[in-house]
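Trainee: Need a 3D model of the sequence below.
(one chain, ligands or ions: 2)
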Amino acid sequence: MNQMTPASRLEIIPANAPFSDSQRSWLNGFLVGLLSLDGSAPLVPGENVGVLAPAGEVDDGEAPWHDQTMPISDRMKLAEGRPLRRRMMAAMAQQDCGQCGYNCNDYSDAIANRTEARLNLCIPGGKETARMLKALHEELAKTPVTSPSPSFTPAEAMPAITAAPGRSRDNPITATFLSRRLLNKNGSEKETWHIDFDLSGCGLDYVVGDSFGIFARNEIGLVDQIIAMLGASHTVEVRGKTLRDVLISDVSLAPAPDSLFELLSFITGGAQRERARALAQGEDPDGDAATTDVMAALQKFTGVRPHPEAFVEALEPLQPRLYSISSSHNAAPGKLSLTVDCVRYVVGKRKRLGLASTFLAERIDPGDEVRVYVQKSHSFALPKDPKTPIIMIGPGTGIAPFRAFLLDRKATGAPGKNWLFFGHQRSEYDFFYSDELNAMKTSGLLTRMSLAWSRDGDKKFYVQDRMREVGRELWSWLAEGANVYVCGDAKRMAKDVERALVDIVAQFGARSTDEAVLFVGELKKQGRFQQDVY
Ligand SMILES: Cc1cc2nc3c(=O)[nH]c(=O)nc-3n(C[C@H](O)[C@H](O)[C@H](O)COP(=O)(O)OP(=O)(O)OC[C@H]3O[C@@H](n4cnc5c(N)ncnc54)[C@H](O)[C@@H]3O)c2cc1C
Ligand SMILES: NC(=O)c1ccc[n+]([C@@H]2O[C@H](COP(=O)([O-])OP(=O)(O)OC[C@H]3O[C@@H](n4cnc5c(N)ncnc54)[C@H](OP(=O)(O)O)[C@@H]3O)[C@@H](O)[C@H]2O)c1
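Mentor: Ligands and ions are numbered 1, 2, ... in the order given. Sure thing, here's the model as predicted:
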């Protein structure tokens with residue numbers, strides 16, 4: 001199948017590049033592996049091949065590890081004895097967040113079926129997932145190619161390289177940044193922005209429930225510090241661009257990848273080399289692996305100066321970030337809004353910036369063009385019947401798609417009842433879109449609005465606490481056929497809200513806890529309980 005030249009023969013680094021023979025040979029091998037040129041997992045679009053479960057392995061289609069709150073070690077344990085593609089799925093972060101361009105199941109199937117060569121697309125899984133996938137992928141390389149796996153559907157699983165412009169992370173388009181407005185009032189501990197884009201130039205549209213993918217750019221100050229640490233010039237050419245441009249737009253400067261430590265281990269010696277090797281293998285000799293970004297990695301090896309070309313190749317590509325769209329195309333054609341919480345934190349003495357959130361908050365100006373795409377939602381949408389009541393639970397930025405739902409229902413005159421649960425830290429500072437929401441309440445569009453402020457009182461009070469207080473009415477909406485939607489934090493909030501819903505079903509729907517769990521599970525299967533969590 002693979003017509004590639006053997007890896008050892010491929011020469012990527014030219015003979016006149018400034019490396020010794022052994023360095024050149026190592027770098028050639030490194031780049032061949034990185035780019036999968038050794039044929040271990042070539043991207044062969046359209047080729048329908050797969051990995052069947054070898055004898056003794058069970059593939060019952062169930063995925064008991066599909067829980068975004070479960071640690072990877074537990075997920076992998078549950079997947080033991082399952083075929084490779086199922087173990088690959090267990091390695092994913094289980095959020096079905098769409099950032100990789102698939103859901104967890106389809107991404108793992110695509111890798112196992114050798115139609116997707118990229119192992120680093122699971123952003124919430126981070127380095128843990130990437131490492132586990134790499135190990136499983138080595139197993140894949142030894143597995144004979146057989147017939148398609150049972151659940152494989154190429155049309156769904158293929159990365160949408162050929163998708164229309166602006167419809168996939170692999171084919172972004174440019175949209176115009178219009179404006180930003182801070183949603184928190186002075187005194188808040190949060191920094192959340194309402195962001196507007198103009199889509200009229202690019203012609204993109206969307207439906208409520210979809211997300212917007214943003215290709216951000218790294219901050220110039222950080223880029224210049226890294227260039228200084230490399231002892232390089234801004235203008236040195238790499239990949240046909242200046243080093244500075246490549247570091248700004250093409251590579252991730254956040255978590256230091258194992259491949260960067262591999263490179264550092266090669267160009268240093270003695271104890272330094274051992275330390276770099278340990279770091280490359282996922283060990284944590286300094287106890288700070290979780291916060292070691294590219295700059296911090298270079299600081300650990302001060303004076304070791306990788307060649308710019310090798311350095312750039314050792315970094316991960318810059319990944320886009322998704323944001324739930326908070327506007328309705330039906331209400332404002334050609335416009336698109338987001339609701340973005342700004343990620344800023346300090347490690348040691350250095351301020352760290354979330355890539356895309358701070359890009360949207362401060363590194364673009366009105367009129368600037370940004371590379372974007374619409375990520376279609378496959379399981380987060382308004383009910384088909386506009387009369388169906390909806391219950392929306394979205395604390396913090398979780399409000400985003402619900403603002404969109406409400407604006408859409410208003411624009412289309414949908415008669416269904418609407419109930420919003422919103423919450424945040426403090427009522428005085430963090431009541432996003434309060435004028436708009438209060439007006440919707442007054443007009444009757446918003447049938448009910450239930451609020452929960454976690455830091456107004458002495459004790460934390462969350463949306464699920466409010467849900468429990470009004471459990472009887474919530475149950476009667478459910479019994480009337482309402483859909484339930486949850487958006488926001490995946491790790492804690494979503495799970496706690498689901499637990500509250502189970503308790504409400506048990507108490508007011510007169511069911512045992514087990515029956516209530518089944519009831520909520522059934523709601524999910526029927527598409528009546530939908531989540532957009534991250
Ligand atoms: C489908 C979907 C919809 C989304 N919708 C929204 C939305 O509507 N609004 C929104 O704001 N976000 C949304 N997100 C999240 C968004 O995609 C980004 O993940 C978020 O904005 C952070 O991205 P960033 O590039 O700014 O930060 P990154 O550069 O990705 O940095 C974030 C990382 O920094 C680290 N970090 C953060 N805080 C700390 C800390 N205190 N200490 C140590 N490390 C820390 C963590 O490792 C974290 O993963 C959504 C995500 C998905 C998948
Ligand atoms: N990595 C981090 O340290 C970090 C920190 C904050 C947010 N985030 C992430 O950033 C994203 C955006 O955050 P956001 O601005 O939308 O707001 P958020 O931080 O998710 O907070 C929104 C509201 O939810 C409350 N909350 C906290 N835990 C909860 C739980 N278990 N159940 C219900 N409500 C809970 C918060 O209260 P309290 O804060 O008062 O408890 C706050 O009132 C989310 O994905 C979030 O996970 C990450």
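Trainee: Give me the below-cutoff pLDDT ranges for the stretch 401-534 of the chain.
Mentor: Nowhere does the stretch 401-534 of the chain drop to pLDDT under 70.
Trainee: residue in it nearest to ligand 1?
Mentor: residue 534 (3.2 Å; CB to the nearest ligand atom). Glycine gets a C-beta too; all of them are placed from N, C-alpha and C.
Trainee: just checking, residue 497 touches residue 468?
Mentor: No - assessed by CB atoms under 8 Å, residue 497 is found out of contact with residue 468, at 10.5 Å.
Trainee: higher neighbour count, the two?
Mentor: residue 497 (25 against 15; other CB atoms under 10 Å).
Trainee: and that one, what does it touch?
Mentor: 393, 463-464, 467, 486 (CB atoms under 8 Å, 6 or more residues apart in numbering).
Trainee: and the gap between the nearest residue to residue 231 once chain neighbours are set aside and residue 228?
Mentor: For residue 231, ignoring the flanking residues on the chain, the nearest one in space by CB to CB, 6 or more residues apart in numbering is residue 305 at 4.8 Å. Distance check for residue 305 against residue 228: by CB to CB, to the nearest Å, it reads 11 Å.
Trainee: Specify which residue of these two has the higher count of neighbours.
Mentor: Taking neighbours as other CB under 10 Å, residue 305 and residue 228 compare with residue 305 leading, 14 against 11.
Trainee: how far away is residue 485 from residue 377?
Mentor: 11 Å.
Trainee: Can you work out which residues contact both of the two?
Mentor: What both residue 485 and residue 377 touch, as defined by CB under 8 Å, 6+ apart, is the set residue 532.
Trainee: who has more neighbours, these two?
Mentor: Under the neighbour definition other CB under 10 Å, residue 485 and residue 377 were set side by side, and residue 485 has more, 26 against 19.
Trainee: Show me what the helix or strand harbouring that one packs onto, helices and strands only.
Mentor: Taking DSSP states H and E as the criterion, residue 485 maps to strand 483-488. With contacts taken as 3 or more CB pairs under 8 Å, 6 or more residues apart in numbering; DSSP states H and E, strand 483-488 sits against strand 390-393, helix 400-412, helix 493-508, strand 529-533.
Trainee: hmm, the third one touching ligand 2?
Mentor: Meaning helix 493-508. Yes - using CB under 6 Å from any ligand atom, helix 493-508 reaches ligand 2 at 493, 496.
Trainee: same deal with stretch 82-102?
Mentor: No - contact of stretch 82-102 with ligand 2 is not found when judged by CB under 6 Å from any ligand atom; the minimum separation is 10.2 Å.
Trainee: tell me the mean pLDDT for that stretch?
Mentor: Confidence for stretch 82-102, expressed as mean pLDDT, is 94.
Trainee: Span of it from start to end?
Mentor: 21 Å (CA to CA, to the nearest Å).
Trainee: if I look at the residue nearest to residue 231, how far off is residue 226?
Mentor: For residue 305 relative to residue 226 (CB to CB), the value is 11 Å.
Trainee: Enumerate the residues of the stretch 401-534 of the chain near ligand 2.
Mentor: 423-425, 454-455, 460, 462-464, 488-489, 492-493, 496, 534.
Trainee: Can you tell me the SS state at residue 116?
Mentor: coil (DSSP: H, G, I helix; E, B strand; the rest coil).
Trainee: How many residues are close by it?
Mentor: 23.
Trainee: pretty sure it contacts residue 110?
Mentor: Yes - the pair residue 116 / residue 110 is scored as a contact, 3.7 Å apart, by CB under 8 Å.
Trainee: how far away is the residue in the stretch 301-450 of the chain that ligand 2 sits nearest to from residue 260?
Mentor: In the stretch 301-450 of the chain, the residue that lies nearest ligand 2 is residue 396 (2.4 Å; CB to the nearest ligand atom). Counting by CB to CB, the gap from residue 396 to residue 260 is 33 Å.
Trainee: quick one: which of these two has more around it?
Mentor: residue 260 (25 against 22).
Trainee: Ligand 2 contacts on this structure?
Mentor: Counting by CB under 6 Å from any ligand atom, the chain sits next to ligand 2 at 190, 192, 341, 395-398, 423-425, 454-455, 460, 462-464, 488-489, 492-493, 496, 534.
Trainee: just the buried members of these?
Mentor: 190, 192, 341, 395-398, 423-425, 454, 462-464, 488-489, 493, 496, 534 (16 or more other CB atoms under 10 Å).
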